[in-house]
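J.: Any chance you could fold what I've pasted below:
(one chain, ligands or ions: 3)
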Amino acid sequence: MKNFFLLAIIALIAISCQNDDPINSSPPVVVDPEPESPEEPVSGKFTIWEDDFEDGDVSDWVLLDKDGNNSNWIARKNIQLDLNTGAIVGGDINILGTYNVDLNNGAPLDQIEQNWAIMPAIDLSYYGGKIELNFTAQPSVYDGNHNILIYGSTSSDQATAKLLGTILLTRGTTIDAAYFADYIVDISEFKGSHTVYISFVNENTSFVGYEIDKIWITAEALLENVSKKTHKLN
Ligand SMILES: [Ca+2]
Ligand SMILES: [Ca+2]
Ligand SMILES: [Ca+2]
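T.: Ligands and ions are numbered 1, 2, ... in the order given. Reported below is the predicted structural model:
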């Protein structure tokens, strides 16, 4: 019994270390429990995927400029304004962002954006309990509050995606300060699916910018039959 919990904790740590770049699509390695061990699922909230954009590489994402105005999601630093020159400059935070202004001069773009950032496929087939999409984000400096739309699909074709949540990203009163905050969307309905695509989409209005500092997905439980499956495969 004690051994089982020790092994379960090791398994949880192994799963928590699963990172992006590229997503590991093979089942998590679960150490075989002792034959007499109980058949309880491993439980606790743990991270099964994350991307913090610190490497500036989003080649594993699909970024779609659906409105076709050549303004799309990009990995970069959050924007700040140089108060001496009025130029848009990079801040300190590595983000995935999308802007509805010309970053050379700050002028608004004429077109309403329809920019999709589609995460690499995640495999939710061996997790149970509540599964949550967590992200740290803000509307950029010199912007107001804006909704970000979260879509989910089991197909890479975003036309099949359904709206999972409309999340209001809020700013404080200081126009040039950072107001990154954590937001959560329940994505438990995709439990059991082998390929899940989560997308971030701007709302259907003009804006200055959306900036996402980090995204991570948590699950409450590892399904007990994973250890059985692994056992059989061995
Ligand atoms: Ca990356
Ligand atoms: Ca666009
Ligand atoms: Ca970051």
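
J.: switch to C-alpha atoms for all contacts and neighbour counts from now on
T.: Noted.

J.: Do you have the strands of this protein handy? List them.
T.: With DSSP state E as the criterion, the chain has strands at 42-51, 62-65, 74-81, 88-99, 115-118, 127-139, 146-153, 162-169, 181-186, 197-202, 209-222.

J.: Can you add mean neighbour count and distance to ligand 2 and give those back as a markdown table?
T.: Shown next, in a markdown table, are these (neighbours: other CA atoms under 10 Å; distance: least, CA to the ion, whole Å):
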| stretch | mean neighbour count | distance to ligand 2 |
| --- | --- | --- |
| strand 42-51 | 19 | 23 |
| strand 62-65 | 17 | 4 |
| strand 74-81 | 20 | 11 |
| strand 88-99 | 19 | 8 |
| strand 115-118 | 24 | 5 |
| strand 127-139 | 21 | 17 |
| strand 146-153 | 21 | 15 |
| strand 162-169 | 16 | 19 |
| strand 181-186 | 15 | 24 |
| strand 197-202 | 22 | 10 |
| strand 209-222 | 22 | 12 |
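
J.: export those strands to JSON lines and tack on mean pLDDT?
T.: Shown next, in JSON lines, are these (pLDDT from 0 to 100):
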{"stretch": "strand 42-51", "mean pLDDT": "86"}
{"stretch": "strand 62-65", "mean pLDDT": "98"}
{"stretch": "strand 74-81", "mean pLDDT": "97"}
{"stretch": "strand 88-99", "mean pLDDT": "97"}
{"stretch": "strand 115-118", "mean pLDDT": "98"}
{"stretch": "strand 127-139", "mean pLDDT": "97"}
{"stretch": "strand 146-153", "mean pLDDT": "98"}
{"stretch": "strand 162-169", "mean pLDDT": "98"}
{"stretch": "strand 181-186", "mean pLDDT": "98"}
{"stretch": "strand 197-202", "mean pLDDT": "98"}
{"stretch": "strand 209-222", "mean pLDDT": "97"}
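
J.: Adding distance to Ala107, write those out as JSON lines.
T.: Listed next are the strands of the chain as JSON lines, based on distance: least, CA to CA, whole Å:
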{"stretch": "strand 42-51", "distance to Ala107": "30"}
{"stretch": "strand 62-65", "distance to Ala107": "19"}
{"stretch": "strand 74-81", "distance to Ala107": "13"}
{"stretch": "strand 88-99", "distance to Ala107": "11"}
{"stretch": "strand 115-118", "distance to Ala107": "18"}
{"stretch": "strand 127-139", "distance to Ala107": "17"}
{"stretch": "strand 146-153", "distance to Ala107": "19"}
{"stretch": "strand 162-169", "distance to Ala107": "22"}
{"stretch": "strand 181-186", "distance to Ala107": "27"}
{"stretch": "strand 197-202", "distance to Ala107": "18"}
{"stretch": "strand 209-222", "distance to Ala107": "12"}
